[in-house]
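**Q** Pasting the sequence and the predicted model now:
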Amino acid sequence: MNDVTPAFGFQIGTDRSVKALEGAAAPSDAAGYVWRHVQGTPEQLSSGLAEFELDEAVKTALTAEETRPRCTPHGGGAILVLRGVNLNLGAEPEDMVSLRLWVEGGQVVSCGVRPLNALQDVAGMVRGGRAPRSPAEMVAAFSLRIADRAEPVVAELNEKLDEVSDRLEGETLSETRRALADIRQVATALRRYMFPQRDALTTFEVEGFDWVSREALSQLREAIDRLTRLSEELDAIRDRAQIVHDQVMDARAEQMNTQMFVLTIVSAFFLPIGFITGLLGINVGGVPLADSANGFVIICGIIVAVLIGQYAVFKKLKLF
C-alpha cells in the first residue's frame, strides 16, 4: 500500500452536505459526488494517483511535467487543465499555476504541483457548507475563482499603465520604456493562458455530458464570459501600452531632433569663424595684419561682426 495520500477529499451530497474522506476512498454509491485532491511534484502525484481507479491515460495527463489549458473528453468524463495567477509569496503573477482535473459524473480528481489560491477558495466553500452541487458546478467554481483572483492583477496592470501615461512628461524616457516593457510582458503572459482556458471551458460546455445540469451550464457560461472579458482587457492593455510606447518613441525622436538641431546651429555659428582663423593661421607669407600691432583686435572685431551677421540671418530665417 502506497503511503502517499490525497491532500484532502470530500464526499459531497446533492444537498451540499460534506463528509471528509480518509486516504484513497473510492466514490460511493450515495447521491452526490466525491472530490479528491492530490498535491506535490509530478512524481508524488503519480504515487498518489496510483491508488485511484483511473485510466492510465488520465493519470498520465494529470501528472504531465508541462501543461497548457485544455479540455480533452475521455470516455464518460473529461480531462481539464486550468491555469490561475501565481499569488504565492515572492512569485510573479504571470508565472501561472496549473490545476489538473479529471471530471466525470460521480467524482472530481484534482492535482496541483504548486499552491493555487483559487483551489483553496473552493475548498473553503466546501468546508463552509457552500459546496458545488455537481462535478460540473465544481469546474465552474474553479473557473470563477480563478477569474476572481486574476481580476485584481489585470486591474493593477491598468492602473500602472494609467500612471505611466500620466507621468509621461515627468519621467525619463528610459524609465518609461522599462515600465511599459514590464506591463506588456505581464499582459502577454496572462493572455497566453486566458484565451486557451476560455476555449477549454467552451469545449467542456458543448461536449454534452449527460451529468452536466442546466444550472452548471449557466455557471460555466458565466465563467467563460468572465475569462473572455479578462482576455479582452489584456488585449486592450497591450494595445494601450503600444500607443504609449509610440508616444515615448515620438518624444525620444523629438528630443533627438532638438539635440541635433542645437548641434547644427552651434556648428553653423562656428564654421565661418573656424574658416577665418584657419585661413589666418596658414604658415606662409602675405597673411593680412601679420605685422600690425592692432591685428588681433581687428580680427576679433571681424569675428564678432560675422557672429552678429549670422545671428541676424538665422533669426530672419526663424531657425530659433
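**A** In hand now; what should we look at?
**Q** and the end-to-end length of stretch 209-216?
**A** 11 Å (Cα to Cα, to the nearest Å).
**Q** Next, Ser110: secondary structure please.
**A** Put simply, Ser110 is strand when judged by DSSP: H, G, I helix; E, B strand; the rest coil.
**Q** Compute the number of surrounding residues for it.
**A** Around Ser110 there are 27 other residues, counting by other Cβ atoms under 10 Å. All C-beta atoms are positioned from the backbone trio N, CA, C, and that covers glycine.
**Q** Test my guess that it contacts Val103.
**A** No - between Ser110 and Val103 no contact is recorded; they are 9.0 Å apart, counting by Cβ atoms under 8 Å.
**Q** Can you say which helix or strand has Thr72 in it?
**A** Secondary-structure element containing Thr72, defined by DSSP states H and E: strand 70-74.
**Q** Let's see whatever helix or strand comes next after that strand as CSV, backbone CA atoms only.
**A** Heading C-terminal from strand 70-74, the first helix or strand you meet, by DSSP H and E, is strand 77-84. Output for strand 77-84, consisting of C-alpha atoms alone and laid out as CSV, is shown next (Å, rounded to 0.1, in the frame of the first residue of the first chain):
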residue,chain,number,x,y,z
GLY,A,77,-15.6,12.3,-18.5
ALA,A,78,-13.1,15.0,-19.4
ILE,A,79,-9.5,15.9,-18.6
LEU,A,80,-9.3,19.6,-17.9
VAL,A,81,-6.2,21.8,-17.3
LEU,A,82,-6.8,25.3,-16.0
ARG,A,83,-4.3,28.0,-15.0
GLY,A,84,-4.5,30.6,-12.3
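**Q** ok, residues contacting strand 77-84?
**A** Counting by Cβ atoms under 8 Å, 6 or more residues apart in numbering, the neighbours of strand 77-84 from elsewhere in the structure are 58, 61-62, 67-72, 96-105, 116-119, 139, 142-143, 145-146, 149-150, 193, 197, 200, 204, 207, 209.
**Q** Filter those down to the ones in strands?
**A** When the contacts of strand 77-84 are checked against strands using DSSP state E, the ones located there are 70-72, 97-104.
**Q** what about the most far-flung residue of the chain relative to its centre, is that helix, strand or coil?
**A** What lies farthest from the middle of the chain is Asp291; by Cα atoms, centre = their mean that is 77.2 Å. Applying three-state DSSP to Asp291 yields a three-state assignment of coil.
**Q** That one and Gly285, how far apart?
**A** To Gly285, Asp291 is 11 Å away according to Cβ to Cβ, to the nearest Å.
**Q** what do you get for Glu156?
**A** 79 Å.
**Q** okay, and for the stretch 1-150 of the chain, where does confidence drop off?
**A** In the predicted model, the stretch 1-150 of the chain carries pLDDT under 70 at residues 1-6, 23-30.
**Q** all strands of the chain, in order?
**A** In order along the chain, the chain carries the following strands (DSSP E): 8-12, 18-20, 33-39, 70-74, 77-84, 97-104, 107-112.
**Q** Tell me where the chain has helices.
**A** In order along the chain, the chain carries the following helices (DSSP state H): 42-49, 56-62, 117-127, 135-166, 173-206, 214-280, 295-316.
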